[in-house]
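Just need the structure, nothing else, for what follows:
(chains A and B)
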Number of protein chains: 2
Amino acid sequence: MYSEAMATQDRLIETTQELLWERGYVGTSPKAIQQRAGVGQGSMYHHFTGKSDLAAAALSRSAQQLRAQAEQQLAGPGTAYERIAAYLLRDREVLRGCRIGRMAQDPDVIAEAELRRPVEETFDWLCGRIAEIVAEGQADGEFATGPDPADIAAAVVAVLQGGYVLARAADSPEPFHQAVRGALALLRNR
Amino acid sequence: MYSEAMATQDRLIETTQELLWERGYVGTSPKAIQQRAGVGQGSMYHHFTGKSDLAAAALSRSAQQLRAQAEQQLAGPGTAYERIAAYLLRDREVLRGCRIGRMAQDPDVIAEAELRRPVEETFDWLCGRIAEIVAEGQADGEFATGPDPADIAAAVVAVLQGGYVLARAADSPEPFHQAVRGALALLRNR
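Alright, predicted model coming up:
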(Lines give C-alpha, C1' and ligand atoms only; values in the text may rest on other atoms or scores of the structure.)
Protein backbone atom coordinates (compact mmCIF):
# COMPACT_ATOMS: atom_id res chain seq x y z
CA MET A 1 0.00 0.00 0.00
CA TYR A 2 2.78 2.38 0.93
CA SER A 3 4.65 1.83 -2.30
CA GLU A 4 1.45 2.11 -4.36
CA ALA A 5 0.69 5.50 -2.81
CA MET A 6 4.27 6.57 -3.47
CA ALA A 7 3.98 5.41 -7.08
CA THR A 8 0.78 7.43 -7.56
CA GLN A 9 2.34 10.52 -6.00
CA ASP A 10 5.40 10.06 -8.16
CA ARG A 11 3.36 9.65 -11.34
CA LEU A 12 1.41 12.82 -10.53
CA ILE A 13 4.63 14.78 -10.06
CA GLU A 14 6.19 13.42 -13.23
CA THR A 15 3.07 14.10 -15.28
CA THR A 16 2.90 17.64 -13.93
CA GLN A 17 6.56 18.17 -14.83
CA GLU A 18 5.77 17.17 -18.42
CA LEU A 19 2.61 19.25 -18.71
CA LEU A 20 4.24 22.35 -17.21
CA TRP A 21 7.07 22.01 -19.70
CA GLU A 22 4.67 21.62 -22.64
CA ARG A 23 1.81 23.90 -21.68
CA GLY A 24 2.98 26.15 -18.83
CA TYR A 25 1.13 26.66 -15.57
CA VAL A 26 -1.81 28.65 -16.95
CA GLY A 27 -2.25 26.04 -19.69
CA THR A 28 -2.22 23.02 -17.34
CA SER A 29 -5.52 22.03 -15.75
CA PRO A 30 -5.92 19.62 -12.81
CA LYS A 31 -8.12 17.53 -15.12
CA ALA A 32 -5.34 17.26 -17.72
CA ILE A 33 -2.92 16.10 -15.02
CA GLN A 34 -5.37 13.49 -13.75
CA GLN A 35 -6.10 12.22 -17.25
CA ARG A 36 -2.50 11.89 -18.34
CA ALA A 37 -1.43 10.37 -15.03
CA GLY A 38 -4.41 8.02 -15.04
CA VAL A 39 -5.22 9.09 -11.50
CA GLY A 40 -8.64 10.03 -10.15
CA GLN A 41 -9.50 13.42 -8.71
CA GLY A 42 -9.88 12.00 -5.20
CA SER A 43 -6.47 10.41 -5.34
CA MET A 44 -4.86 13.62 -6.58
CA TYR A 45 -6.38 15.65 -3.74
CA HIS A 46 -5.34 12.93 -1.28
CA HIS A 47 -1.69 13.57 -2.18
CA PHE A 48 -1.74 17.29 -2.96
CA THR A 49 -3.87 20.20 -1.80
CA GLY A 50 -4.30 21.40 -5.39
CA LYS A 51 -2.68 22.35 -8.68
CA SER A 52 -0.35 24.88 -7.11
CA ASP A 53 0.91 22.42 -4.46
CA LEU A 54 1.52 19.78 -7.13
CA ALA A 55 3.19 22.29 -9.45
CA ALA A 56 5.51 23.35 -6.61
CA ALA A 57 6.55 19.70 -6.12
CA ALA A 58 7.04 19.26 -9.88
CA LEU A 59 9.11 22.44 -10.26
CA SER A 60 11.20 21.52 -7.28
CA ARG A 61 12.00 18.14 -8.83
CA SER A 62 12.73 19.69 -12.25
CA ALA A 63 15.08 22.14 -10.53
CA GLN A 64 16.97 19.29 -8.82
CA GLN A 65 17.32 17.44 -12.12
CA LEU A 66 18.52 20.56 -13.93
CA ARG A 67 21.20 21.19 -11.30
CA ALA A 68 22.42 17.60 -11.43
CA GLN A 69 22.65 17.76 -15.23
CA ALA A 70 24.50 21.09 -15.18
CA GLU A 71 27.00 19.79 -12.65
CA GLN A 72 27.97 16.99 -15.03
CA GLN A 73 29.67 19.55 -17.28
CA LEU A 74 30.42 22.35 -14.83
CA ALA A 75 32.23 20.06 -12.38
CA GLY A 76 33.92 18.17 -15.22
CA PRO A 77 37.57 18.24 -16.27
CA GLY A 78 39.21 21.02 -18.27
CA THR A 79 39.84 24.74 -18.12
CA ALA A 80 37.18 27.26 -17.13
CA TYR A 81 36.41 27.91 -20.80
CA GLU A 82 36.19 24.20 -21.57
CA ARG A 83 33.78 23.54 -18.73
CA ILE A 84 31.49 26.44 -19.72
CA ALA A 85 31.69 25.34 -23.37
CA ALA A 86 30.82 21.76 -22.40
CA TYR A 87 27.79 23.06 -20.53
CA LEU A 88 26.62 25.30 -23.39
CA LEU A 89 27.23 22.64 -26.04
CA ARG A 90 25.58 19.80 -24.19
CA ASP A 91 22.95 17.90 -26.14
CA ARG A 92 19.57 19.53 -25.49
CA GLU A 93 16.00 19.25 -26.71
CA VAL A 94 16.25 22.82 -27.91
CA LEU A 95 12.73 23.21 -29.28
CA ARG A 96 11.17 22.11 -25.99
CA GLY A 97 12.87 25.05 -24.30
CA CYS A 98 13.99 25.12 -20.68
CA ARG A 99 11.46 23.60 -18.32
CA ILE A 100 12.52 25.99 -15.57
CA GLY A 101 13.07 29.14 -17.63
CA ARG A 102 9.76 28.88 -19.50
CA MET A 103 7.92 29.20 -16.17
CA ALA A 104 9.20 32.77 -15.82
CA GLN A 105 6.80 33.88 -18.57
CA ASP A 106 3.85 32.58 -16.61
CA PRO A 107 2.20 35.43 -14.66
CA ASP A 108 0.61 33.05 -12.15
CA VAL A 109 4.00 31.47 -11.39
CA ILE A 110 5.66 34.84 -10.89
CA ALA A 111 2.81 35.99 -8.64
CA GLU A 112 2.97 32.95 -6.32
CA ALA A 113 6.05 32.82 -4.09
CA GLU A 114 5.96 29.03 -3.69
CA LEU A 115 6.08 28.56 -7.48
CA ARG A 116 8.52 31.32 -8.32
CA ARG A 117 11.01 30.23 -5.63
CA PRO A 118 12.36 27.06 -7.34
CA VAL A 119 12.74 29.03 -10.59
CA GLU A 120 14.62 31.86 -8.91
CA GLU A 121 16.77 29.50 -6.83
CA THR A 122 17.76 27.47 -9.88
CA PHE A 123 19.01 30.54 -11.73
CA ASP A 124 20.71 31.89 -8.60
CA TRP A 125 22.53 28.62 -8.20
CA LEU A 126 23.44 28.33 -11.90
CA CYS A 127 24.68 31.92 -12.20
CA GLY A 128 26.66 31.53 -8.96
CA ARG A 129 28.21 28.27 -10.12
CA ILE A 130 29.26 29.71 -13.47
CA ALA A 131 30.55 32.88 -11.78
CA GLU A 132 32.85 30.67 -9.66
CA ILE A 133 34.23 29.08 -12.82
CA VAL A 134 34.70 32.48 -14.49
CA ALA A 135 36.53 33.70 -11.37
CA GLU A 136 38.80 30.63 -11.53
CA GLY A 137 39.47 31.41 -15.21
CA GLN A 138 40.31 34.99 -14.29
CA ALA A 139 42.69 33.84 -11.53
CA ASP A 140 44.39 31.47 -13.99
CA GLY A 141 44.84 34.26 -16.56
CA GLU A 142 42.45 32.50 -18.92
CA PHE A 143 39.86 35.34 -18.89
CA ALA A 144 40.38 39.11 -18.63
CA THR A 145 40.08 40.23 -15.02
CA GLY A 146 38.11 43.42 -15.65
CA PRO A 147 34.50 42.21 -15.74
CA ASP A 148 32.58 41.08 -12.68
CA PRO A 149 32.33 37.26 -12.92
CA ALA A 150 28.66 37.54 -11.91
CA ASP A 151 27.97 39.69 -15.01
CA ILE A 152 29.69 37.22 -17.34
CA ALA A 153 27.82 34.33 -15.70
CA ALA A 154 24.47 36.09 -16.10
CA ALA A 155 25.26 36.71 -19.78
CA VAL A 156 26.12 33.02 -20.29
CA VAL A 157 22.89 31.84 -18.65
CA ALA A 158 20.89 34.47 -20.54
CA VAL A 159 22.33 33.28 -23.87
CA LEU A 160 20.96 29.80 -23.17
CA GLN A 161 17.55 31.04 -22.09
CA GLY A 162 17.33 33.53 -24.94
CA GLY A 163 18.63 30.92 -27.38
CA TYR A 164 15.63 28.76 -26.54
CA VAL A 165 13.32 31.72 -27.22
CA LEU A 166 14.89 32.36 -30.65
CA ALA A 167 14.77 28.66 -31.53
CA ARG A 168 11.11 28.29 -30.63
CA ALA A 169 10.27 31.47 -32.54
CA ALA A 170 12.04 30.06 -35.62
CA ASP A 171 10.73 26.52 -35.05
CA SER A 172 14.33 25.45 -35.61
CA PRO A 173 17.25 24.78 -33.23
CA GLU A 174 19.64 26.78 -35.46
CA PRO A 175 19.33 30.22 -33.76
CA PHE A 176 20.07 28.52 -30.42
CA HIS A 177 23.28 27.05 -31.83
CA GLN A 178 24.20 30.42 -33.38
CA ALA A 179 23.78 32.19 -30.05
CA VAL A 180 25.90 29.56 -28.27
CA ARG A 181 28.63 29.79 -30.92
CA GLY A 182 28.55 33.58 -30.63
CA ALA A 183 28.84 33.49 -26.84
CA LEU A 184 31.73 31.05 -26.99
CA ALA A 185 33.54 33.17 -29.59
CA LEU A 186 33.18 36.18 -27.29
CA LEU A 187 34.31 34.22 -24.22
CA ARG A 188 37.28 32.57 -25.92
CA ASN A 189 39.19 35.73 -26.70
CA ARG A 190 39.22 37.09 -23.19
CA MET B 1 -19.25 55.90 -38.65
CA TYR B 2 -16.07 54.98 -40.46
CA SER B 3 -13.84 56.49 -37.80
CA GLU B 4 -15.91 54.94 -35.03
CA ALA B 5 -15.41 51.49 -36.54
CA MET B 6 -11.70 52.19 -36.91
CA ALA B 7 -11.51 53.31 -33.30
CA THR B 8 -13.19 50.10 -32.13
CA GLN B 9 -10.90 47.96 -34.25
CA ASP B 10 -7.92 49.90 -32.96
CA ARG B 11 -8.99 49.53 -29.34
CA LEU B 12 -9.44 45.79 -29.81
CA ILE B 13 -5.93 45.46 -31.24
CA GLU B 14 -4.36 47.59 -28.51
CA THR B 15 -6.16 45.69 -25.75
CA THR B 16 -5.07 42.38 -27.25
CA GLN B 17 -1.47 43.63 -27.39
CA GLU B 18 -1.64 44.38 -23.66
CA LEU B 19 -3.31 41.11 -22.69
CA LEU B 20 -0.92 39.00 -24.77
CA TRP B 21 2.01 40.75 -23.09
CA GLU B 22 0.56 40.20 -19.61
CA ARG B 23 -1.10 36.80 -19.93
CA GLY B 24 0.15 35.17 -23.13
CA TYR B 25 -2.05 33.66 -25.80
CA VAL B 26 -3.29 30.66 -23.83
CA GLY B 27 -4.12 32.95 -20.91
CA THR B 28 -6.07 35.50 -22.96
CA SER B 29 -9.76 34.78 -23.57
CA PRO B 30 -11.98 36.56 -26.13
CA LYS B 31 -14.18 37.56 -23.18
CA ALA B 32 -11.25 39.22 -21.39
CA ILE B 33 -10.44 41.18 -24.56
CA GLN B 34 -14.05 42.30 -24.97
CA GLN B 35 -14.32 43.33 -21.32
CA ARG B 36 -11.11 45.32 -21.20
CA ALA B 37 -11.76 46.97 -24.56
CA GLY B 38 -15.36 47.69 -23.61
CA VAL B 39 -16.51 46.14 -26.87
CA GLY B 40 -19.35 43.68 -27.31
CA GLN B 41 -18.93 40.17 -28.70
CA GLY B 42 -20.84 41.02 -31.88
CA SER B 43 -18.62 44.01 -32.55
CA MET B 44 -15.45 41.96 -32.00
CA TYR B 45 -16.59 39.29 -34.46
CA HIS B 46 -17.59 42.01 -36.90
CA HIS B 47 -13.96 43.17 -37.06
CA PHE B 48 -12.10 39.88 -36.55
CA THR B 49 -12.91 36.25 -37.29
CA GLY B 50 -11.78 35.23 -33.80
CA LYS B 51 -9.09 35.32 -31.13
CA SER B 52 -6.38 34.05 -33.43
CA ASP B 53 -7.12 36.62 -36.15
CA LEU B 54 -7.11 39.40 -33.57
CA ALA B 55 -3.92 38.08 -31.96
CA ALA B 56 -2.21 38.01 -35.37
CA ALA B 57 -3.12 41.70 -35.88
CA ALA B 58 -1.91 42.55 -32.36
CA LEU B 59 1.40 40.69 -32.76
CA SER B 60 1.96 42.26 -36.11
CA ARG B 61 1.52 45.73 -34.61
CA SER B 62 3.76 44.90 -31.63
CA ALA B 63 6.41 43.68 -34.07
CA GLN B 64 6.27 46.96 -36.03
CA GLN B 65 6.60 48.97 -32.82
CA LEU B 66 9.53 46.86 -31.61
CA ARG B 67 11.38 47.35 -34.89
CA ALA B 68 10.83 51.10 -34.85
CA GLN B 69 12.11 51.30 -31.26
CA ALA B 70 15.16 49.18 -32.03
CA GLU B 71 16.03 51.31 -35.06
CA GLN B 72 16.21 54.38 -32.82
CA GLN B 73 19.42 53.01 -31.29
CA LEU B 74 20.68 50.71 -34.02
CA ALA B 75 20.51 53.42 -36.70
CA GLY B 76 21.85 56.04 -34.30
CA PRO B 77 25.28 57.68 -34.27
CA GLY B 78 28.47 56.08 -32.98
CA THR B 79 30.66 53.06 -33.53
CA ALA B 80 29.27 49.54 -33.95
CA TYR B 81 29.90 48.85 -30.26
CA GLU B 82 28.24 52.10 -29.22
CA ARG B 83 25.11 51.41 -31.26
CA ILE B 84 24.76 47.88 -29.90
CA ALA B 85 25.41 49.18 -26.38
CA ALA B 86 22.78 51.90 -26.83
CA TYR B 87 20.29 49.26 -27.90
CA LEU B 88 21.09 46.93 -25.00
CA LEU B 89 21.12 49.73 -22.44
CA ARG B 90 17.92 51.43 -23.59
CA ASP B 91 15.36 52.02 -20.86
CA ARG B 92 13.03 49.00 -20.71
CA GLU B 93 10.19 47.71 -18.58
CA VAL B 94 12.35 44.73 -17.72
CA LEU B 95 9.90 42.87 -15.49
CA ARG B 96 7.19 42.91 -18.16
CA GLY B 97 9.52 40.97 -20.43
CA CYS B 98 9.54 41.18 -24.22
CA ARG B 99 6.07 41.22 -25.72
CA ILE B 100 7.33 39.41 -28.80
CA GLY B 101 9.77 36.99 -27.16
CA ARG B 102 7.32 35.87 -24.46
CA MET B 103 5.03 34.52 -27.19
CA ALA B 104 7.64 31.89 -28.12
CA GLN B 105 6.83 30.01 -24.89
CA ASP B 106 3.21 29.69 -25.91
CA PRO B 107 2.59 26.29 -27.53
CA ASP B 108 -0.53 27.53 -29.36
CA VAL B 109 1.43 30.42 -30.89
CA ILE B 110 4.24 28.14 -32.04
CA ALA B 111 1.73 25.69 -33.51
CA GLU B 112 -0.11 28.31 -35.58
CA ALA B 113 1.84 29.67 -38.56
CA GLU B 114 -0.06 32.98 -38.67
CA LEU B 115 0.83 33.68 -35.02
CA ARG B 116 4.41 32.40 -35.05
CA ARG B 117 5.32 34.33 -38.24
CA PRO B 118 5.47 37.86 -36.75
CA VAL B 119 7.54 36.49 -33.85
CA GLU B 120 10.00 34.72 -36.15
CA GLU B 121 10.20 37.66 -38.57
CA THR B 122 10.92 40.10 -35.77
CA PHE B 123 13.87 38.07 -34.52
CA ASP B 124 15.10 37.43 -38.08
CA TRP B 125 15.05 41.14 -38.72
CA LEU B 126 16.67 42.04 -35.39
CA CYS B 127 19.43 39.44 -35.66
CA GLY B 128 20.08 40.46 -39.28
CA ARG B 129 20.22 44.15 -38.37
CA ILE B 130 22.66 43.56 -35.51
CA ALA B 131 24.75 41.22 -37.70
CA GLU B 132 25.14 44.08 -40.21
CA ILE B 133 26.44 46.32 -37.44
CA VAL B 134 28.81 43.61 -36.17
CA ALA B 135 30.11 43.17 -39.74
CA GLU B 136 30.69 46.94 -39.98
CA GLY B 137 32.57 46.77 -36.67
CA GLN B 138 34.67 43.91 -38.01
CA ALA B 139 35.44 45.83 -41.22
CA ASP B 140 36.48 48.86 -39.15
CA GLY B 141 38.81 46.76 -36.99
CA GLU B 142 36.58 47.38 -33.97
CA PHE B 143 35.67 43.70 -33.49
CA ALA B 144 37.75 40.58 -34.13
CA THR B 145 37.04 39.21 -37.59
CA GLY B 146 36.99 35.52 -36.67
CA PRO B 147 33.41 34.96 -35.56
CA ASP B 148 30.45 34.90 -37.92
CA PRO B 149 28.56 38.20 -37.38
CA ALA B 150 25.29 36.21 -37.39
CA ASP B 151 26.52 34.21 -34.36
CA ILE B 152 27.49 37.33 -32.42
CA ALA B 153 24.15 38.94 -33.30
CA ALA B 154 22.20 35.87 -32.13
CA ALA B 155 24.15 35.93 -28.86
CA VAL B 156 23.34 39.64 -28.35
CA VAL B 157 19.62 39.12 -28.99
CA ALA B 158 19.62 35.99 -26.81
CA VAL B 159 21.19 37.91 -23.93
CA LEU B 160 18.26 40.35 -23.99
CA GLN B 161 15.63 37.63 -24.21
CA GLY B 162 17.34 35.51 -21.56
CA GLY B 163 17.90 38.57 -19.40
CA TYR B 164 14.15 39.07 -19.28
CA VAL B 165 13.71 35.45 -18.19
CA LEU B 166 16.25 35.82 -15.36
CA ALA B 167 14.71 39.11 -14.23
CA ARG B 168 11.19 37.72 -14.10
CA ALA B 169 12.43 34.64 -12.24
CA ALA B 170 14.13 36.89 -9.67
CA ASP B 171 11.25 39.40 -9.63
CA SER B 172 13.97 42.03 -9.99
CA PRO B 173 15.51 43.78 -13.00
CA GLU B 174 19.04 43.24 -11.63
CA PRO B 175 19.88 39.94 -13.41
CA PHE B 176 18.86 41.55 -16.70
CA HIS B 177 21.29 44.39 -16.11
CA GLN B 178 24.03 41.94 -15.07
CA ALA B 179 23.58 39.95 -18.29
CA VAL B 180 23.72 43.13 -20.39
CA ARG B 181 26.86 44.34 -18.56
CA GLY B 182 28.43 40.91 -19.08
CA ALA B 183 27.61 40.87 -22.80
CA LEU B 184 29.00 44.37 -23.26
CA ALA B 185 32.20 43.47 -21.38
CA LEU B 186 32.65 40.49 -23.69
CA LEU B 187 31.92 42.55 -26.82
CA ARG B 188 34.15 45.46 -25.84
CA ASN B 189 37.41 43.57 -25.82
CA ARG B 190 37.14 42.13 -29.27
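
So which bits of the longest helix that chain A contains are buried?
When chain A is parsed with DSSP state H, its longest helix is helix A:113-139. Within helix A:113-139, the residues that count as buried by 16 or more other C-beta atoms under 10 Å in any protein chain shown are A:115-116, A:118-123, A:126-127, A:129-131, A:133-135, A:137-138. To be clear about C-beta, it is placed using only N, CA and C from the backbone, and glycine gets the same treatment.

for it, packing partners?
Where contact means 3 or more C-beta pairs under 8 Å, 6 or more residues apart in numbering or on different chains; DSSP states H and E, helix A:113-139 is packed against helix A:51-74, helix A:80-89, helix A:107-111, helix A:149-170, helix B:149-170, helix B:174-188.

Averaged pLDDT, the longest one. What do you get?
Averaged over helix A:51-74, pLDDT sits at 96.

Can you tell me which helices and strands that helix packs against?
Judged by 3+ C-beta pairs under 8 Å, 6+ apart, the packing partners of helix A:51-74 are helix A:2-23, helix A:30-37, helix A:80-89, helix A:113-139.

still on that earlier bit, just the angle for the longest helix of chain A relative to helix B:149-170, thanks.
When axes from the mean of the first three to the mean of the last three C-alpha atoms, to 10 degrees is applied, the directions of helix A:113-139 and helix B:149-170 differ by 130 degrees.

where does A:Gly27 fall, helix, sheet strand or coil?
Classification of A:Gly27 using DSSP: H, G, I helix; E, B strand; the rest coil returns coil.

Report the spatially nearest residue to it, omitting neighbours in sequence.
With sequence-adjacent residues excluded and distances taken as C-beta to C-beta, 6 or more residues apart in numbering or on different chains, A:Gly27 is closest to B:Val26, at 4.3 Å.

burial count for that neighbour?
Per other C-beta atoms under 10 Å in any protein chain shown, the neighbour tally for B:Val26 reads 18.

tell me the contacts of the residue nearest to the spatial centre of chain A?
The centroid of chain A falls nearest to A:Ile100 when counting by C-alpha atoms, centre = their mean (3.7 Å). Each residue near A:Ile100 by C-beta atoms under 8 Å, 6 or more residues apart in numbering or on different chains is listed here: A:59, A:62-63, A:66, A:118-119, A:122-123.

A:Gly40 is in contact with A:Gln34, isn't it?
Yes: in this structure, A:Gly40 is within contact of A:Gln34 by C-beta atoms under 8 Å, at 6.6 Å.

Report the residue spans of chain A with pLDDT below the cut-off.
A:1-2, A:190 (pLDDT under 70).

for A:Tyr81, what are its contacts?
A:137, A:142-143, A:187-188.

And A:Asn189, how far from A:Arg129?
Look at A:Asn189 and A:Arg129: by C-beta to C-beta, to the nearest Å, they are 23 Å apart.

now do A:Glu112
Applying C-beta to C-beta, the value for A:Glu112 to A:Arg129 is 26 Å.

And for A:Leu66?
Distance from A:Leu66 to A:Arg129, counting by C-beta to C-beta: 12 Å.

circling back to that earlier point, please tabulate the helices and strands packed on helix A:51-74 in CSV, including the columns distance to B:Thr8.
Below are the helices and strands packed on helix A:51-74 laid out as CSV (distance: least, C-beta to C-beta, whole Å):
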stretch, distance to B:Thr8
helix A:2-23, 32
helix A:30-37, 36
helix A:80-89, 49
helix A:113-139, 37
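
who wins for proximity to B:Glu4 among those helices?
Nearest to B:Glu4 among these is helix A:2-23 (39.0 Å), distances taken as C-beta to C-beta.

So the nearest residue to A:Phe123 once chain neighbours are set aside versus B:Pro175, what's the distance?
In space, A:Phe123 comes closest to B:Ala169 once its chain neighbours are excluded; the distance is 5.1 Å by C-beta to C-beta, 6+ apart. From B:Ala169 across to B:Pro175, the span is 8 Å (C-beta to C-beta).

anything in contact with each of these two?
Shared contacts of B:Ala169 and B:Pro175, defined by C-beta under 8 Å, 6+ apart, comprise A:Phe123.

Check which residues of stretch A:43-59 are buried.
Residues of stretch A:43-59 classed as buried: A:43-44, A:47-48, A:51, A:54-59 (neighbour count, 16+ other C-beta under 10 Å).

What of stretch A:5-20?
A:8-9, A:11-13, A:15-20.

and A:Gly97, what does it touch?
Residues in contact with A:Gly97 (C-beta under 8 Å, 6+ apart) are A:21, A:164-165, A:167-168, B:104-105.

now do A:Glu132
Taking C-beta under 8 Å, 6+ apart, we find A:Glu132 in contact with A:Pro149.

ok, it to chain B distance?
To chain B, A:Glu132 is 15 Å away according to C-beta to the nearest C-beta, to the nearest Å.

how near is that residue to A:Gln64?
20 Å.

and if you look at A:Ile33?
Here A:Ile33 is placed at a distance of 20 Å from A:Gln64 (C-beta to C-beta).

For the two, indicate the residue with more neighbours.
Shown here are A:Ile33 and A:Gln64; by other C-beta under 10 Å, A:Ile33 has more neighbours (25 against 12).

ok, that one touching A:Leu12?
Yes: the criterion here is C-beta under 8 Å, and A:Ile33 meets it with A:Leu12 at 6.6 Å.

any residues in contact with both of the two?
By C-beta under 8 Å, 6+ apart, A:Ile33 and A:Leu12 have these common neighbours: A:39, A:44, A:54.
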